[in-house]
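Q: show me the folded form of this:
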Amino acid sequence: MPCPCRLEQLTAAQQITISVKLVQDYRPNPYPLILSGLLEVGGGSPVKQLGMMDAATLTYDTLRFADIEDFPETADPVWILGKNYSALTEKEEIFCDVASRLWFTYRKNFPAIGGMGPTSDTGWGCMLRCGQMIFAQALVCRHLGQDWRWRKDQKQKDSYFSILNAFIDKKDSYYSIHQIAQMGVGEGKSIGQWYGPNTVAQVLKKLAVFDSWSQLAVHIAMDNTVVIEDIKRLCAQDHLCEIAGASYNGYPCEGDGADSLLQWKPLVLLIPLRLGLSDINEGYIETLKHCFMLPQSLGVIGGKPNSAHYFIGYVGEQLIYLDPHTTQPTVEPSDDGLISDDSFHCQHPPCRMQISELDPSIAVGFFCNTENDFDEWCKHIRKMSHLRGALPMFELVERQPSHFCSSDVLSLTPDSFDANQLERFFDSEDEEFEILSL
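A: Okay, the predicted model is just below:
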């Protein structure tokens with residue numbers, strides 16, 4: 001692990017060089033940046049000595065996005081969660097699509113986690129926030145539909161606020177930072193510790209059990225293998241969806257007014273993957289791009305070591321993503337249950353990064369509302385396996401392979417694996433930022 005470096009050991013020029021390098025590596029354009037416990041640089045601000053360096057807690061503590069590079073004028077198709085756009089003629093539609101994704105960032109001044117824990121997740125909660133974003137997209141598809149769009153000051157359905165309430169920073173929300181952090185203790189994670197993609201996927205699966213409104217079947221495909229038989233067995237179980245009179249946080253759950261017996265439980269499929277050793281294997285890039293083309297796509301969570309992003313699409317050789325590294329005040333519902341939702345939608349041109357810079361440890365997500373959706377997804381995946389010059393990211397099989405019964409840690413079921421061993425393979429959380437020689 002790199003040794004921390006005190007600022008007084010560096011010249012002013014070196015301090016500025018370090019901070020500018022970090023900004024350029026993690027953002028399309030520099031704008032005010034705070035390195036927690038280090039210094040403040042950007043937008044003409046002075047360099048301030050604040051203490052010890054901890055580059056793993058870098059945050060973008062600003063909501064002024066005017067300096068972010070506009071979307072490129074390119075003939076390359078733009079793909080966002082199964083939708084194809086032209087950057088030349090449909091830029092407004094692209095921005096509307098991006099703004100419609102629920103954007104969860106660092107928050108401050110929320111109720112203490114566990115009663116006496118942290119009141120902010122700045123510096124450690126970025127992967128938890130990305131997990132919230134990919135799961136929120138599943139709930140949007142489940143309750144509002146894939147084509148739903150958010151527009152500022154436009155009246156939204158009650159089910160929209162029910163979804164938002166499920167992620168509000170309070171202990172009784174299904175998928176709040178409080179619930180994820182405390183459930184993570186069972187996965188070997190202390191509150192305030194950084195998560196990797198696999199860990200947050202495992203935690204979300206456990207939390208979804210308590211979401212009786214959404215009634216989701218969450219499957220985490222291990223060993224780079226998706227077993228069709230296992231998924232159909234999971235989703236085809238008869239289950240009652242109690243709709244009449246149901247509500248969540250005061251908002252009525254819309255339905256047909258009667259209990260109904262669903263033949264297919266809507267599927268959230270999360271696939272933790274490692275697409276290389278220290279860098280992504282170029283053979284996987286085209287396959288990864290095609291995942292964003294699928295109508296069932298929920299996107300990808302991953303990023304760079306200790307700096308997570310929620311990837312929702314691509315253009316050319318760049319990934320399009322939502323960045324959680326902005327600290328905003330926590331939002332509390334009003335007395336009548338309404339929520340000020342502007343800060344939950346990213347209303348500036350989306351962030352982009354080169355696909356080649358992606359850390360190989362990721363989790364890919366898909367949502368299949370019906371059995372037919374899943375069958376169509378399987379057809380798409382089989383076609384993707386024949387892409388010329390591309391490597392398949394995972395295997396799709398009809399039945400469970402015999403090697404799943406082995407004692408290898410990667411072959412164990414999600415409920416019986418050794419969490420510490422598994423995340424050492426899937427997660428890159430042991431990696432730290434290092435100071436470049438100047």
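Q: what's the neighbour count on Phe95?
A: Phe95: 17 surrounding residues under other C-beta atoms under 10 Å. All C-beta atoms are positioned from the backbone trio N, CA, C, and that covers glycine.
Q: what do you get for Ser307?
A: 23.
Q: partners of it in the sheet?
A: Lys304 (DSSP bridges).
Q: next, give phi and psi for Tyr314.
A: phi -160, psi 160 (degrees, to the nearest 10).
Q: can I assume Gly389 is in contact with Gly283?
A: Yes - contact between Gly389 and Gly283 holds when scored by C-beta atoms under 8 Å: they sit 7.4 Å apart.
Q: how much space between the residue nearest in space to the middle of the chain and Thr89?
A: Nearest to the mean C-alpha position of the chain, counting by C-alpha atoms, centre = their mean, stands Cys130 at 2.7 Å. Note on Cys130: its distance to Thr89, by C-beta to C-beta, to the nearest Å, is 31 Å.
Q: and Gly389 and Gly283? Which one has more around it.
A: Using other C-beta under 10 Å, the more surrounded residue of Gly389 and Gly283 is Gly283, with 14 against 7.
Q: got the contact list for the residue nearest to that one when sequence neighbours are not counted?
A: Residue nearest to Gly283 in three dimensions, not counting chain neighbours: Leu391, with 3.8 Å by C-beta to C-beta, 6 or more residues apart in numbering. By C-beta atoms under 8 Å, 6 or more residues apart in numbering, the contact list for Leu391 reads 281, 283-284, 287.
Q: which of the residues you listed are buried?
A: 284, 287 (16 or more other C-beta atoms under 10 Å).
Q: the contacts of Leu391 into a markdown table, with extra columns for distance to Asp359?
A: Shown next, in a markdown table, are these (distance: C-beta to C-beta, whole Å):
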| residue | distance to Asp359 |
| --- | --- |
| Asn281 | 12 |
| Gly283 | 16 |
| Tyr284 | 13 |
| Thr287 | 17 |
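Q: return the subset of the contacts of Leu391 lying in strands.
A: With strands defined by DSSP state E, no entry of the contacts of Leu391 lies inside them.
Q: how far is whatever helix or strand the residue nearest to the centre of the chain lives in from where the chain is centred?
A: Assigned by DSSP states H and E, Cys130 belongs to helix 126-143. In terms of C-alpha atoms, centre = their mean, to the nearest Å, the centre of helix 126-143 is found 6 Å from the chain centre.
Q: for stretch 309-321, same thing?
A: 12 Å.
Q: so what touches the helix or strand where Lys232 lies?
A: Taking DSSP H and E as the definition, one finds Lys232 inside helix 228-235. The contact list for helix 228-235 (C-beta under 8 Å, 6+ apart) reads 217, 219, 264-267, 269, 368, 371, 374, 378, 396-400.
Q: for PyMOL, write the selection for the buried entries among those.
A: Command for PyMOL that selects the buried part of the contacts of helix 228-235, burial taken from 16+ other C-beta under 10 Å:
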select buried, resi 217+219+264+265+266+267+269+368+371+374+378+396
